[in-house]
Structure formats: C-alpha cells, structure tokens
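[1] sequence and predicted structure are below.
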Number of protein chains: 2
Amino acid sequence: METRVSSEKKEVIIDITRPTVLIGERINPTGKKKLAEALKVGDLDIVRKEAIEQVVAGADIIDVNVNAPGVDDVAMLPKAVRAVMEVVDAPLCLDSPNTAAIEAALKVYKGKPLINSVSGEEHSLQRVLPLVREYGAAVVGLVQDDDGIPKNADRRVAIARKIVERAEKAGVSRENIVIDVLTFAIGAESNSGKDVLEAIRRIRTELGVNMTMGASNISFGMPDRAIINNCWVSLVIAAGATALIVDAARVRPSVLAADLVLGRDRFARRFIEDHRKRQQQAQA
Amino acid sequence: METRVSSEKKEVIIDITRPTVLIGERINPTGKKKLAEALKVGDLDIVRKEAIEQVVAGADIIDVNVNAPGVDDVAMLPKAVRAVMEVVDAPLCLDSPNTAAIEAALKVYKGKPLINSVSGEEHSLQRVLPLVREYGAAVVGLVQDDDGIPKNADRRVAIARKIVERAEKAGVSRENIVIDVLTFAIGAESNSGKDVLEAIRRIRTELGVNMTMGASNISFGMPDRAIINNCWVSLVIAAGATALIVDAARVRPSVLAADLVLGRDRFARRFIEDHRKRQQQAQA
C-alpha cells in the first residue's frame, strides 16, 4: 500500500517494498531552548538551517513543528513551512496539536503534505479528518484514544483500526493513513518493546497500512541510547514500520543496514553510497 | 526448550525466554596467522589469553577450534580444551570438522559440552550423532547437506528437520540440538537475510529448537561491517535465535539492547550493568 506525499518538485512514496522513509524530527522546539527562543521572536534562521542539514543527512520528509510556550502556532507554522519550502525540495510533515495551525499551514503548503497528527480521540477525529480530506493530504494516526496510550498490543490494534475506519467514513482512504504505534520508554515498561512489535506486525497483516514511529522514545532515561535506538529501528522495520521519525544524521546508517539485510537494497547500492558519503564528510 | 551445557563448575542454559547466550568465536586460527603459528608449535598462550579476555567481555560459552594447516587436530584439540578449562569456568564448544579430534576432546572435557558440529550430510550424521549420544553432549546442527548450503527458507527448514529427526532416532533429544541456519554474505545474495530470518522463524515455530549463528558472515566483503552486524544480531534474536557465535567484545552491547527491547531484561538490569562495566573499562 503506497502512501504518497509531495512537495512542489518531489514525491516520496512510503511502501513496505521500498527503502524505509526517514522523517526528520529536528525542527521541533520541545527541549530545544535556542530554537524556542528564536521562534518566539519570529526568527526562522535555525529552522532553515535544520531543514537543509537534515536533507543533507538523508531525511526524505521534514517535520515542521513550532509549538512552544509563547509562540503563536497559527501565525508561525505557515511562516515556518514557507521558510522550509524555500530552502529544501523535500515534502513536509505539518506538525501541531492545534488544528487551526495545521489548517493555516495547509493553506500555504505546495504539494501533498503529511499532517501530524490525528488520534483516536473523538475531538481529534472530528476536527482533523475533514481537513485531511479537504486538502487531499496524508495523515499520521496516533494510537491513543480518550483512555490514553494503550499498554498492550490488542488495544493498539483496535485504536489503529478505529482510526482507519473513521478516516474511510470521512472520505480519507487508508493509503493516506500512516499509523504511529507510540512507544513507552523501555526503562519504565519492560514489555513496551514486545507489545509494540506485536502491534506493528498485526497492523501490517490486519490493516495493511503504513506505519511510523518516533524511534528514540524507547530509550528515554537509559544510558547508551544510541545502541538501543539502533537496535530498535532494525526491529520495527523488520516488523513492518515503513517511515521513521528520526534524527537522520544519527540513525540513517542503521536504517540502511536494516533495509539491506531485509533485501530492500539490491547490490547494497544505497548502503555503499551512504558509506562513501559519510567517509567524504569525515575527511572534509 | 532448554539446551543445557556445562563445565565442571558452571551451567549455561540456552532458551528463548532467557537472555541470548554468547559463544565466543575468537579461538579459531582461520584468518589469524599468529594463532595458527603458535598452534603449529604447540604454544597455547594465545589460546589461554583469548579464553580469559572473551569471558571478561561477556562470552558465556567459549568455542575452541585449532584447525589449521600443519596442526594435528586430534592431538591439539584436547590440549587446547585442557588449557582453556584451566583458565576459565565457562562451558566449552568443541569445534572441529574432524570427528576423531572431537572424540579426543570429549575424552578430556569435564562437564557437558557443545559439539560444533553435525550437518545434514550423510557422513556427518552417521559419525557425529553416536558421539553426541555416547558422551551426553549437545551439538550444533549446520543447515547444509550433501547438496551444499541451501539458498531458500524451505530447504533450510527441511534440513533442520532432517537433523532433528535423525538425532532423535540416534537417541539424541531435540533439546540437545542447536541449529545453525548459516548465512550467505548479503553483498553476494540480496535475499540471504530475508531467507535466513524466515527460516529462523519457521524452525522456531515448527521444530521449537534452539538456534545459533555466526553473526558476522552476513557483512563479509561490505564496508561498515559493525553497523550491519549490530543490526543483524537484533533481527536474528527477534526472529528466534537464542545463542550467537560472536566476538563478544564487539557485539555484546547490541545483543543486550535486543534482549532489553524484547522484554528479556527486567528493569534493564543487565543492560545498565554492562554499560557501567564498559565505562569503568574505558576509564581504566
């Protein structure tokens, strides 16, 4: 099942037979003081720089989130989206908990964006799905509902199914849904990883939709986070996730290795090209 | 299904519900000139040193292989096994293509060893299985037969089944078989990884036996081998392999990360302990 998103000049296809798509996560002020301060005064230089750097590091889609205390999301998200469109060709992911900000960004976006996000919560389904339909976008579907984030695979699958069914009723086809299964930190929930992998496998089989994931949540609070994250991305890709929300500069080599050993990189071309690029960057 | 191997003082249990067992691969003269030269003149200092270092690095079982041109395997394997037993408590894996050398080593070994290996080849089944039975050992079963190493999952599963059935007929229970699925280099065979993972999943479901694998073959001939190997060990563990033949110093952190996210490391105790140990070693 192909999820297509695009900018004015570029299309990205998310599909289980293709290499894993990387959604660059770095334009997000959560935990980033400098970026938050800049956004408060309307300074978009860091946003532009992060957009360019992530594309260089191999991000296929750029997530744009400007949500921080003291920032007027509705005014700022379209400005940030415009700024990013000016400097990179990658399709964008319009990311806000505020539906009005999403709509303002949709109005200026050129192409077919990914919206981040709808959830299984009633108010979210009612507000976001009509926008997805109206603007012909694709949307990330967060596996949580009015009872919170589920703690077992059954409920994750059930919420994913509900989102897909409600989307289809609202005129949004399942090709345009990318389910985010959500992960608890493994340090807090020993079975979090197991449950999420089972949910991914079942959603892949039962619903067939594409899936994404913030790949670093799993290691929150742990030492050696890179070791855990690199292992985790391999496992979620093998289970059936097709687009990961990541810091591309850090995670890309492991993602390419997973694509390689899973038979999605003929003659190891992408892996070897990426190796050469990293070698050149290290020498420069 | 529990595979138990032991030394005089220590038992190691291989089982899908437990942390992955690491079989240290470094006592093997293939590609190691210094070790090969030492073995030719009967010098076992490197063997002892490698045994100790691997246990320090977290190897649970030590593979002992002295097979090199100019080395009398039948005389040398028991000597090497004795030397290793003197310096470490870990159970051993007696590794030789020569059945007479295996038998000579079995005679001096104290405990229940792992024999490496029997295969699906007729001459191997006939010679090795009676020894496994007679000495009450466990044995690695290589998935290859008189037609060579299979190139698809179906044939891998079929050969694994044949080994298990022949073993049971020879009085060796399947608890004492650890199947090695064998991997082609991904650079030569793009589907090698996919096929092997499918074979592991099917053998886990259909035969229920424990499985091992030389975890670095997959990346032979590729750049950035560590990135590929670390990804690969996560995938084979998730698929159902329970003991890996590895350079423990290099691969252990990724194996612990896989055990952690797969829910086999409650409260992340092993992962955090290992992190602290590595930090101390780095400071020392």
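    Yep, it's here. Fair warning: this is a prediction, and the values are worked out from it, not measured in the lab.
[2] was I right to think A:I237 contacts A:L262?
    Yes. Taking C-beta atoms under 8 Å as the definition, A:I237 is a contact partner of A:L262 at 6.8 Å. C-beta here means a position set from N, CA and C on the backbone, and glycine is covered the same way.
[3] which one's more surrounded, these two?
    A:I237 (29 against 22; other C-beta atoms under 10 Å in any protein chain shown).
[4] please identify the helix or strand for that one.
    helix A:225-239 (DSSP states H and E).
[5] near chain B, anything from that helix?
    Yes. Helix A:225-239 comes into contact with chain B (C-beta under 8 Å from any C-beta of the partner chain), by way of A:I227, A:I228, A:N230, A:C231, A:W232, A:S234, A:L235, A:A238, A:A239.
[6] what's the local residue count around the nearest residue to the third one once chain neighbours are set aside?
    Which is A:N230. Once flanking residues are discounted, A:N230 sits nearest to A:S254: 4.0 Å by C-beta to C-beta, 6 or more residues apart in numbering or on different chains. When neighbours are defined as other C-beta under 10 Å, A:S254 has 24 of them.
[7] give me phi/psi at A:S254?
    Torsion angles at A:S254 (phi, psi; degrees, to the nearest 10) stand at phi -70, psi -40.
[8] what do you get for A:D95?
    According to degrees, to the nearest 10, A:D95 has phi -120, psi 110.
[9] ok, now which ones touch it?
    A:N28, A:D63, A:V64, A:N65, A:N67, A:N116, A:S117 (C-beta atoms under 8 Å, 6 or more residues apart in numbering or on different chains).
[10] next: A:G171.
    So A:G171 contacts A:R133 (C-beta under 8 Å, 6+ apart).
[11] that one belongs to a helix, doesn't it?
    No. Using DSSP: H, G, I helix; E, B strand; the rest coil, the assignment for A:G171 is coil, not a helix.
[12] per-residue confidence for it?
    On pLDDT, A:G171 comes in at 97.
[13] any idea how far it is from chain B?
    37 Å (C-beta to the nearest C-beta, to the nearest Å).
[14] also A:A258?
    5 Å.
[15] now A:R155
    Counting by C-beta to the nearest C-beta, the gap from A:R155 to chain B is 17 Å.
[16] now A:A268
    A:A268 is 5 Å from chain B, by C-beta to the nearest C-beta.
[17] equivalent analysis for A:V164, please.
    Counting by C-beta to the nearest C-beta - A:V164 and chain B are separated by 26 Å.
[18] which SSE is the residue lying closest to A:L94 once chain neighbours are set aside in?
    Nearest residue to A:L94 in three dimensions, chain neighbours excluded: A:A105, at 4.4 Å (C-beta to C-beta, 6+ apart). Taking DSSP H and E as the criterion, A:A105 maps to helix A:99-108.
[19] any idea how far that helix is from the chain center?
    18 Å (C-alpha atoms, centre = their mean, to the nearest Å).
[20] helices and strands around it, which ones?
    helix A:73-87, strand A:92-95, helix A:122-134 (3 or more C-beta pairs under 8 Å, 6 or more residues apart in numbering or on different chains; DSSP states H and E).
[21] nearest to B:G193, of those?
    Evaluated with C-beta to C-beta, the helices and strands packed on helix A:99-108 place strand A:92-95 nearest to B:G193, the distance being 29.8 Å.
[22] tell me which strands that closest one pairs with, and in which orientation.
    Partner strands and pairing direction for strand A:92-95 (DSSP bridges) are strand A:61-64 (parallel), strand A:114-119 (parallel).
[23] please identify the buried residues of the longest one?
    Taking 16 or more other C-beta atoms under 10 Å in any protein chain shown as the neighbour-count basis, strand A:114-119 is seen to contain the buried residues A:L114, A:I115, A:N116, A:S117, A:V118, A:S119.
[24] in a strand, A:A90, correct?
    No. Remark: A:A90 does not belong to a strand; assigned using three-state DSSP, it is coil.
[25] that one: neighbour count?
    Other residues close to A:A90 by other C-beta under 10 Å number 24.
[26] surely it touches A:K9?
    No. If you go by C-beta under 8 Å, A:A90 and A:K9 don't touch, sitting 9.4 Å apart.
[27] residues in contact with the spatially closest residue to A:V118 that is not a sequence neighbour?
    Once flanking residues are discounted, A:V118 sits nearest to A:V128: 4.0 Å by C-beta to C-beta, 6+ apart. Going by C-beta under 8 Å, 6+ apart, A:V128 touches A:T99, A:I102, A:I115, A:S117, A:V118, A:V139.
[28] does the spatially closest residue to the third one that is not a sequence neighbour count as helix, strand or coil?
    Distance criterion C-beta to C-beta, 6+ apart; nearest residue to A:I115, sequence neighbours excluded, is A:V139 at 4.4 Å. Using three-state DSSP, the structure places A:V139 in strand.
[29] what pLDDT does A:V255 get?
    For A:V255, pLDDT reads 97.
[30] equivalent analysis for A:G187, please.
    Value for A:G187, per-residue pLDDT: 89.
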